[in-house]
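>>> sequence below, structure please.
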Amino acid sequence: MANGLHKIKNSLRAIWRGLRLLAHVGKGAWIVAFRFPQLHYWQQHEHVQAWAATLMLRAGVQLQIKGEPPVKGPVMLVSNHISWLDIPMMHAARHCRFISKSDVKGWPIIGTLATAAGTLYIQRSSRRDAMRMVTDMEAAFKRGEILAVFPEGTTGDGRELLSFHSNLLEAAVQCDAPVQPVGLRFVDGKTGETSYAATYVGDETLLGSVWRVLSSDQLQAVVHYGKPETAQGRDRRVWAKDLHAEVDKLRQG
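Purely as a prediction, here's the structure:
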């Protein structure tokens, strides 16, 4: 009986959070359409960070920041990737411009919001586009911007860190820009143990992942910043392996 009541309570909480989340996404789309054209880019970034922080609250997720987020660029954030919540949680901690696959740009609403947040898009199957992206990233570094990448290239299960693709580190090597490793982790606030409620990998559906998050009680999202570092003579492949080790430590700490 008690278990049944608990499930009902969790379901009602998830539905309430889901409705608030949808309303917040709709509000974001409205702001992008009608407010952003009148704002300076740094004001837009402030709106994105505030919107992302509120999204976390609407989803019932508490944000916890460890280490020191970058105050300003140029810097590239390199992070593990485990959930659809990774981007908003990193935006909430410190606004940055993500590098994303070009498909996202065409997604209804999500693509609009991602573009408004300053996302740079790349066609991963095109070598020419990869070269174009390196040029765009170098220009962003020279403007003092903060960029962010998920070098695994896809979401992992949160248990093991996948190998890092080194391609997008080329811009940081060429510009001698610092790269800051970041470890993401979800924690059950009741037990202090790692939570896999937010994972979205393999046969898991996005809807299922969203439902688990909305149903969770005291779910915490941890963004753990490491120390920025430069290539110091390393090529992108060697550097990617070293960064992989750093991110692996941070995501477990």
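
>>> so for stretch 164-184, what gets flagged as buried?
164-173, 175, 177-184 (16 or more other CB atoms under 10 Å). Where you see a C-beta, it was placed from the backbone N, CA and C, and this is true even at glycine.

>>> and that stretch, how far out from the chain middle?
Averaged C-alpha coordinates place stretch 164-184 at 16 Å from its chain's average position (CA atoms, centre = their mean, to the nearest Å).

>>> restricted to strands, list the buried residues of stretch 164-184.
Those of those mapping onto strands are Val179, Gln180, Pro181, Val182, Gly183, Leu184, per DSSP state E.

>>> neighbours of Lys7, how many?
11 (other CB atoms under 10 Å).

>>> er, Tyr196 actually
Neighbours of Tyr196 (other CB under 10 Å): 17.

>>> for it, give me its contacts.
By CB atoms under 8 Å, 6 or more residues apart in numbering, the contact set of Tyr196 is Asp157, Gly158, Arg159, Phe186.

>>> for the third one, what is the enclosing helix or strand?
Arg159 is part of no helix or strand when elements are defined by DSSP states H and E.

>>> and what of the last one?
Secondary-structure element containing Phe186, defined by DSSP H and E: strand 179-188.

>>> about what we covered before: just the buried ones among the contacts of Tyr196, please.
The neighbour count (16+ other CB under 10 Å) marks Gly158, Phe186 as buried among those.

>>> nearest to His224, of the contacts of Tyr196?
Phe186 (12.0 Å; CB to CB).

>>> okay, the closest residue in space to that closest one that isn't next to it in sequence and Val213: tell me how far apart.
The spatial neighbour of Phe186 that comes closest, neighbours along the chain excluded (CB to CB, 6 or more residues apart in numbering), is Ser195 at 4.4 Å. From Ser195 across to Val213, the span is 9 Å (CB to CB, to the nearest Å).

>>> now Gln232
Gln232 sits 39 Å away from Val213, going by CB to CB.

>>> so which of the two has more stuff around it?
Neighbours were counted for Gln232 and for Val213 using other CB under 10 Å; Val213 has more, 26 against 8.

>>> and the more buried one, what does it touch?
Contact partners of Val213, counting by CB under 8 Å, 6+ apart, are Ala59, Gly60, Val61, Leu85, Ala197, Ala198, Leu219.

>>> can you check Asp86 too?
Ser79, Phe150, Thr155, Leu184.
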